[in-house]
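1. What follows is a predicted structure for the sequence shown.
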Amino acid sequence: MAHFGRSDASIRMEGKRPLSGRIRIQGSKNAALPILAACMLIPGKCVLRGCPDITDIECMCNLLKSTGASVSTVCTDTDTEAIGIDTRSVREHRLPERYVSAMRSSVIMMGAMLGRLGEVCVNYPGGCVIGERPIDLHLYGLEKLGAQIWIEGNHIHAYADELRGAVVDFPFPSVGATQNVILAAVTAQGTTVIKNAAKEPEIIELCRFLNTAGARIDYSGTLLKTGRIVIQGVELSRLQGIVYDVISDRIVAGTYLFAALAAGGKVTLENVPIGQLDSICDTIKGMGASVTVDAGRNEMAIDACDRDRIVNVPYIETDVYPDFPTDLQSPLLVAACMAGGTLTVREKIFSSRFRIVEELRRMGADIEVTGDTAVVTGGRELEGRNVIARELRGGAALVVAGLCASGITTVADSGYIRRGYQDIVGDFAALGARISYVG
Ligand code: UD1
């Protein structure tokens, strides 16, 4: 395991130093989590290479183990570490509350466990406090496939003698609910059609993984245009263990691009999912930095050295893929504080995703929030303060703010950041930042 510091440790920075150098982007959390859940459907051994070394992945592995699966670290022929998952001895359908409460993604185990065991019992899932996060769309989709669902206290029970293909028409393209239905439909009788499915790259990765293991999911070419996924159910015994490489993390790459934009400097990122970062690159270029891509090497370089050129674009709104991702809204706010002019940001996906504004204001930022909209007036100096991470992406953005601020910043409760960033301290240190864990 990488060195993370304790989960309640603080991250301390001495800011106002431009970033410079190159770093490698970790594997994608949001791709790896549903793929790990999908292993539950495969009565054999899967090996996942490139899973990030973060606490959310640890939590998903613990969930798998709690069902009876064996999960281990394996050494692959390329000498890289990988996670081996063997679900042949799975038997337990109740998921332990301590893991489910720790991570909202645990809800996608429901579809996989219905497909494998025909029943599942979970408590209402937890996760970052970024607004109301109901699971009505997940339950709607599973019920359409024939699951009986009932609630007892804080627990959700789902049971299906046999799942049957159906048309699932989502009123909103929820990422997790789309994944849950895909997982349940893979071994259902007949054909499932998901309409208004989520189009995020992590959906495509889940389909690609499952198809490689023997599923029959048609998404190719059509998903981005039509939002439609068609799944022909197959026998469970048709699914076979595979070795699979997890794609790299577009949100971590985006965080580091905004860090370079905010702090200034010249940074090259290796192992970047280039085609997935179009809306982010457009924003960064619109703000005056140059971005160059070496597609052959999967590298992306940002040059934000000329600070006079860094100015805000007038307006950004977060939306579903391929538009600007909600997960990068907080790092964008920090970059906007450091740029000239004014940026208006509308958050369309989550209701409480401006929680870092209070902390940024304490550092000297000029940000006004009204409902789902924040107006950032940039060009103000940020000053180092003791601030507190309250959720994953906001926590990472506070670290970016600390890199830009004069004096010392400490970000407490760095455990939130460890949920998604393998080594944020090591990465920024490699780019020349004065940053370390304390406490
Ligand atoms: C996933 C990502 C998360 C990202 C989000 C949006 C993972 C592990 N997490 O989260 O990083 O920020 O997509 O891109 O991949 N909703 C409902 N009812 C439901 C489900 C969702 O109302 O049953 C609402 C949510 O409250 C939210 C919106 O839909 O307002 C988007 O949620 P969803 O797309 O489901 O996000 P997640 O899968 O939770």
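-> Nice, I can see it.
2. how many neighbours does Ala412 have?
-> Counted with other CB atoms under 10 Å, residues neighbouring Ala412 total 19. Where C-beta positions appear, they are placed from N, C-alpha and C, glycine not excepted.
3. need the contact list for it.
-> Taking CB atoms under 8 Å, 6 or more residues apart in numbering as the criterion, Ala412 is in contact with Asp8, Ser10, Asn386, Val387, Ile388, Ala389.
4. Hmm, the fifth one is touching Glu358, no?
-> This points to Ile388. No: in this structure Ile388 lies outside contact range of Glu358 using CB atoms under 8 Å: 9.7 Å.
5. Pick out whichever of the two has more residues nearby.
-> A side-by-side neighbour count of Ile388 and Glu358, using other CB under 10 Å, places Ile388 first with 17 against 14.
6. The residue nearest to Val193 when sequence neighbours are not counted: what's it in contact with?
-> Of all residues not flanking Val193 in the chain, Val167 sits nearest, at 4.8 Å (CB to CB, 6 or more residues apart in numbering). Val167 makes contact with Lys144, Thr192, Val193, Lys195 under the criterion CB under 8 Å, 6+ apart.
7. On the pLDDT front, check the closest residue to the ligand within the stretch 151-300 of the chain for me.
-> The nearest approach of the stretch 151-300 of the chain to the ligand comes at Gly176, 2.9 Å away (CB to the nearest ligand atom). As predicted, Gly176 sits at a pLDDT of 97.
8. The worst-scoring helix or strand of the chain on mean pLDDT: what's the following helix or strand?
-> The least trusted helix or strand in the chain, going by mean pLDDT, DSSP states H and E, turns out to be helix 223-226, with a mean of 86. The C-terminal neighbour of helix 223-226 among helices and strands, as given by DSSP states H and E, is strand 229-232.
9. helices and strands around that next one, which ones?
-> Judged by 3 or more CB pairs under 8 Å, 6 or more residues apart in numbering; DSSP states H and E, the packing partners of strand 229-232 are helix 175-185, strand 191-195, strand 216-218.
10. Rebuild those as CSV, extending it with mean neighbour count.
-> Converted to CSV, these look like this (neighbours: other CB atoms under 10 Å):
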stretch, mean neighbour count
helix 175-185, 28
strand 191-195, 20
strand 216-218, 17
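11. Let's have these in TSV, adding distance to Val90.
-> Converted to TSV, the helices and strands packed on strand 229-232 look like this (distance: least, CB to CB, whole Å):
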stretch	distance to Val90
helix 175-185	14
strand 191-195	23
strand 216-218	22
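12. thinking again about what came up before, give the buried residues for the least confident helix or strand of the chain.
-> Leu223 (16 or more other CB atoms under 10 Å).
13. Pull that helix out as CSV, backbone CA atoms only.
-> Only the C-alpha atoms of helix 223-226 are listed here, as CSV (Å, rounded to 0.1, in the frame of the first residue of the first chain):
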residue,chain,number,x,y,z
LEU,A,223,-24.7,4.9,-26.4
LEU,A,224,-23.4,8.5,-26.9
LYS,A,225,-25.9,9.2,-29.6
THR,A,226,-29.0,7.4,-28.3
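14. That helix packs against which elements?
-> Contacts defined by 3+ CB pairs under 8 Å, 6+ apart place helix 223-226 against no helix or strand at all.
15. gap between that helix and the chain center?
-> Per CA atoms, centre = their mean, to the nearest Å, the displacement of helix 223-226 from the mean C-alpha position of its chain is 21 Å.
16. what's near enough to touch Asp427?
-> Taking CB under 8 Å, 6+ apart, we find Asp427 in contact with Ile23, Tyr256, Tyr421.
17. Please read the previous query as pertaining to Gly241.
-> Listed by CB under 8 Å, 6+ apart, the contact partners of Gly241 are Ile42, Gly44, Lys45, Cys46, Val47, Asp86, Ala213.
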